[in-house]
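Asks: Sequence below, structure please.
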Amino acid sequence: MRAFTSSRYPLGSRVSLLLLLLLFAVPVQAGQWTITPRVSIGEIYSDNINLDDDDKEGDLITEIAPGISISGRGARVEAELDYQMQNFLYLSNTDASSISQQLNANATAEVTRGFFFVDARSRIGQAIVDADRTISGNNANNAGNQTDFYAYGVSPYIRPHFGGYANGELRYSLDHVRYDDSVSNSVENRIDANLVSGRKFGPLSWFANYTFDDINRSKATNERFQNADGETRYFVSRKFSLVAQAGWSDNDFSTSEEIENGSYWAAGGFWQPSRYYSLEALTGDNLTTATVGLYPGRRTSLVVTWRDRDVGLNPGEAWSGTFRHRTRRTTWSASYTEDTTTQQQTQLEEGGFTFLGVDPLTGETFPNPQPGDLTVIDPIGPITSLTNEVEERKRASGSVGMRTGKTGLIFTVFRTQRRFLTSLREEDTTGFSSSIDRRVAPRTNAILSGSWQRIENDDPESNGNNRDSDFWYIDVQLRRQIRPRLDGMVGYSFTRQDSNRDGDSYDENRIEARITAYF
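Replies: Predicted structure coming up:
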């Protein structure tokens with residue numbers, strides 16, 4: 001177990017944010033760039049602004065939300081940024097007036113052509129603190145179960161090429177995650193190195209990876225993850241190859257269970273008798289693994305992997321899999337993964353909940369869907385709690401997207417199982433979300449969105465009094481492009497939470513009208 005620290009880490013966040021701003025500032029001189037300032041003004045009425053059925057109170061809220069989107073590519077820089085500041089002014093509960101900010105920014109600079117690069121990223125948003133308590137799907141309610149987070153990261157790296165023998169990447173990442181309250185701030189220093197064989201090795205191919213990840217946290221134990229793995233593959237023929245894998249783990253983090261460090265290896269073969277399927281199986285010391293791939297058509301694939309490993313993260317049996325299928329009008333996908341992570345790592349990678357437009361065929365997100373775009377609104381995703389513990393996580397999801405001439409639709413099912421390795425508490429979130437966007441007239445769209453989630457907890461110290469809840473959300477919107485750079489929207493939403501904990505069940509009805517101007 002690592003030492004407990006309480007540093008505030010101001011330097012990491014300042015350096016990361018400064019480099020991110022520099023990456024956005026330099027390239028605007030050349031290339032193709034789109035800069036779109038905007039402002040949105042809305043009126044919201046809620047019949048249960050505090051999400052408390054025991055003391056229901058309605059209120060009228062004025063929301064003023066300026067924002068800006070920047071995207072483009074210069075000679076050696078590519079960047080995307082979307083920022084919004086929500087200002088909520090309450091008519092009756094004036095003390096509840098607040099500001100919520102959201103930022104999603106990514107940038108890549110090619111400092112030396114083909115060799116030295118710098119990535120930078122930043123996230124600002126809101127996260128649910130405790131999935132066991134009252135849950136809100138937006139920032140206007142005064143429920144008190146949210147916190148602001150700020151995540152910044154910078155990553156310089158080089159990509160050396162060794163003739164035709166090998167290609168590599170050596171990357172250093174500095175990431176800072178800060179919360180206003182509830183969980184620990186962190187600074188993460190990470191080194192990633194990988195090397196891949198080149199064409200001069202002929203029928204022999206190989207790769208090697210190394211990762212060192214040191215996470216320093218202000219109000220929790222520090223964590224260190226160090227892992228290496230590699231593979232060698234010799235193609236005996238076009239259909240068969242010999243395969244060997246090896247790896248090593250040396251991890252140190254807070255847990256109530258034994259950390260299984262050590263080395264492993266396995267050897268076996270890969271066989272693909274036709275383009276329709278493939279088989280791979282390996283066994284050895286501390287590792288046995290098998291992979292089956294099915295490819296019934298050029299637009300359809302299913303790959304499933306099982307492994308049993310005695311050392312490293314997620315020891316024991318584990319599964320992973322992906323499914324893809326695409327037709328002219330639909331896209332089907334499913335995935336399953338198991339991993340070990342921390343809350344701070346998850347926040348930097350995924351950000352917080354928000355409402356985005358989603359292309360139903362590609363899955364690409366848009367921060368400001370426009371009437372006529374048929375980019376359906378993505379409802380709130382899996383609801384989970386913030387934690388300072390290292391967690392083992394199992395995630396399954398499946399989705400289907402469809403787009404026709406006037407209609408876009410996306411339907412998603414998901415399940416996230418989290419096991420916290422210090423308290424051994426478990427949290428299980430299962431649900432679905434769906435949204436349909438229909439162009440009902442020129443420049444006018446009708447959107448129907450909804451989601452349901454069930455959050456279940458299993459706490460060894462609760463003496464069987466585990467807290468469970470169901471969360472429902474339904475939203476109907478009518479959007480119209482009033483002028484080329486002026487949009488309007490009216491909508492109604494209904495939210496319900498049913499909980500076995502006193503005081504956390506509620507119903508809310510909400511009506512909303514807003515206009516958004518783009519400059």
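Asks: who does residue 491 bridge with?
Replies: residue 477, residue 512 (DSSP bridges).
Asks: That one - how many residues pack around it?
Replies: 18 (other CB atoms under 10 Å). To be clear about C-beta, it is placed using only N, CA and C from the backbone, and glycine gets the same treatment.
Asks: Show the backbone phi and psi for residue 97.
Replies: Backbone geometry at residue 97, expressed as degrees, to the nearest 10, gives phi -60, psi 140.
Asks: OK, contacts around it?
Replies: 88, 89, 90 (CB atoms under 8 Å, 6 or more residues apart in numbering).
Asks: Which member of those residues is positioned nearest residue 273?
Replies: Using CB to CB, the shortest approach to residue 273 within the contacts of residue 97 belongs to residue 88, at 62.2 Å.
Asks: Against which helices or strands is whatever helix or strand the closest one lives in packed?
Replies: For residue 88, the host element (DSSP states H and E) is strand 77-90. Under the contact definition 3 or more CB pairs under 8 Å, 6 or more residues apart in numbering; DSSP states H and E, strand 77-90 sits against helix 10-25, strand 59-73, strand 98-112.
Asks: Direction included, what does the helix or strand following the last one pair against?
Replies: Moving toward the C-terminus from strand 98-112, the next helix or strand (DSSP H and E) is strand 116-128. When sheet partners are counted by DSSP bridges, strand 116-128 sits next to strand 98-112 (antiparallel), strand 146-158 (antiparallel).
Asks: I'd like the mean pLDDT over strand 116-128, please.
Replies: The pLDDT scores in strand 116-128 average 91.
Asks: in it, what counts as buried?
Replies: For strand 116-128, burial by neighbour count (16 or more other CB atoms under 10 Å) applies to 117, 118, 119, 120, 121, 122, 123, 124, 125, 126, 127, 128.
Asks: Residue 176 - how many residues pack around it?
Replies: So residue 176, with other CB under 10 Å, has 25 neighbours.
Asks: again with the one 5 residues further on
Replies: Using other CB under 10 Å, residue 181 is surrounded by 9 other residues.
Asks: residues touching the closest residue to it other than its chain neighbours, list them.
Replies: Spatially, and ignoring its direct neighbours in sequence, residue 181 is nearest to residue 147 (5.3 Å; CB to CB, 6 or more residues apart in numbering). Applying CB under 8 Å, 6+ apart to residue 147 gives the contacts 126, 127, 129, 179, 180, 181, 182, 183, 386.
Asks: pLDDT wise, what is residue 147 at?
Replies: Taking residue 147 on its own, its pLDDT is 90.
Asks: residues contacting residue 186?
Replies: 9, 175, 176, 177, 215, 216, 217, 218, 342, 344.
Asks: which non-adjacent residue is nearest it?
Replies: Here the residue nearest residue 186, using CB to CB, 6+ apart, is residue 344, at 4.1 Å.
Asks: pretty sure the one you found is in a helix, no?
Replies: Yes: under DSSP: H, G, I helix; E, B strand; the rest coil, residue 344 sits within a helix.
Asks: Give me the distance between it and residue 284.
Replies: Distance, residue 344 to residue 284, by CB to CB, to the nearest Å: 34 Å.
Asks: Same check on residue 208?
Replies: 17 Å.
Asks: Of the two, which one has the most company?
Replies: When residue 208 and residue 284 are compared on other CB under 10 Å, the one with more neighbours turns out to be residue 208, at 18 against 15.
Asks: how near is that one to residue 232?
Replies: According to CB to CB, residue 208 and residue 232 sit 9 Å apart.
Asks: do residue 256 as well
Replies: 37 Å.
Asks: Neighbour count for the two, which is higher?
Replies: Comparing residue 256 with residue 232 by other CB under 10 Å, the one with more neighbours is residue 232, at 17 against 11.
Asks: and the spatially closest residue to the more buried one that is not a sequence neighbour, how many neighbours?
Replies: Distance criterion CB to CB, 6+ apart; nearest residue to residue 232, sequence neighbours excluded, is residue 206 at 4.4 Å. If you count neighbours by other CB under 10 Å, residue 206 ends up with 15.
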